[in-house]
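Chemist: model this:
(one chain, ligands or ions: 1)
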Amino acid sequence: MRQGLRMRLDDICKEYDNQPVLHNIDLSIEPGEFVAIVGRSGGGKSTLLRLVSGLESASSGKIVFDETEHSGIHHDIRVLFQESRILPWKTVEDNVLLGMEKPDRRRAKEVLTQVGLESKGESWPHTLSGGQRQRVALARALVAAPKMLLLDEPLGALDALTKLEMQRLIEDMWKIHQFTVLIVTHDIQEAVTLADRVILIEHGMIAMDMRIPLDRPRVKDTQFLYYENTILERFFAPTVEQHSLDFIKSGTLSASATAT
Ligand SMILES: Nc1ncnc2c1ncn2[C@@H]1O[C@H](COP(=O)(O)OP(=O)(O)OP(=O)(O)O)[C@@H](O)[C@H]1O
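Modeler: Model (predicted):
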């Protein structure tokens, strides 16, 4: 059994056109840990994921995998995006084979079976549902036996039921393959359902790093709600402070504060 990748970010900064987007990020992730990144739109979540994936480079700081500093694409890391990015002119199985350095049809079939698409190998992508296309993308990522999986809002475009099925599948695959997972999601419930640890990114900084020590599979009991609410409270805290400041300054509540 391959072990997940250990990752450390040391003082990572990222700027676009001299505008800082990530500020001095320090983060350590253990092999096989399942970590969710949440936060407001524009906070820098996807940028962080792109830096870890090697698709972009940091302005300064170090990325270390298994004690070795690294830059660029890492061959043990695979990324899944919101859109499946599968090629419409290739069959499902041929799309999966794209994930391998040395094509191995037996292995592709094995992974398609794991994601519940054993009967779809010869199908064309346009005949699949959105959820099935994401399963193909997951199979293409898994076929290379990655040691780390990066997920950027992979379930954001799916309906509620398909989303639950995919969450379960991702959790099952993580249990079987034991890779490290970093998932960006807007959905706090999804983060608490899946992750060992939830990291909140606000204005390019880590505003919260919380462990979720709940048994799996997770059920929405009072403990679950406690973690979900704690994250939500922290999520909205800056807005509340801003409203208080507005109130102190003007003596009246702003329209946005009274609306919430
Ligand atoms: N290639 C780029 N060039 C210039 N600015 C960028 C680029 N990519 C991202 N940004 C800016 O960096 C900031 C963070 O973007 P990022 O996509 O990482 O945020 P996010 O938290 O993932 O947002 P969302 O939840 O909406 O996807 C934003 O202000 C965005 O406009």
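Chemist: hey, where'd the helices end up in the stretch 51-200 of the chain?
Modeler: 92-97, 105-114, 130-142, 160-177, 188-194 (DSSP state H, counting those that start in this stretch).
Chemist: ok, residues contacting the fourth one?
Modeler: This points to helix 160-177. For helix 160-177, contacts defined as C-beta atoms under 8 Å, 6 or more residues apart in numbering pick out 2, 34, 114-116, 129-131, 134-135, 138, 142, 145-146, 149, 151, 154-155, 158, 181, 183, 190, 193-194, 216-217. C-betas here are computed from N, CA, C, even on glycine.
Chemist: let's see it at 6 Å
Modeler: The contact list for helix 160-177 (C-beta atoms under 6 Å, 6 or more residues apart in numbering) reads F34, G131, L155, V181, T193, L194.
Chemist: Closest one of those residues to the ligand?
Modeler: Among the contacts of helix 160-177, L155 lies closest to the ligand (C-beta to the nearest ligand atom), at 13.9 Å.
Chemist: Count residues in the vicinity of the nearest residue to the closest one once chain neighbours are set aside, would you?
Modeler: In space, and not counting its chain neighbours, L155 is closest to K163: 4.7 Å by C-beta to C-beta, 6 or more residues apart in numbering. Residues within reach of K163, counting by other C-beta atoms under 10 Å, total 18.
Chemist: Give me the neighbour count for H74.
Modeler: Other residues close to H74 by other C-beta under 10 Å number 20.
Chemist: what's it sitting at in phi/psi?
Modeler: phi -100, psi 130 (degrees, to the nearest 10).
Chemist: what separates it from L150, distance-wise?
Modeler: 10 Å (C-beta to C-beta, to the nearest Å).
Chemist: coming back round to it: keep only the contacts of helix 160-177 that also lie close to the ligand.
Modeler: Residues of the contacts of helix 160-177 in contact with the ligand (C-beta under 6 Å from any ligand atom): none.
Chemist: Show me which pair in the residues you listed is furthest apart.
Modeler: F34 and G131 (20.8 Å; C-beta to C-beta).
Chemist: Those two: who's more crowded?
Modeler: Each of F34 and G131 has its neighbours counted (other C-beta under 10 Å); F34 has more, 23 against 19.
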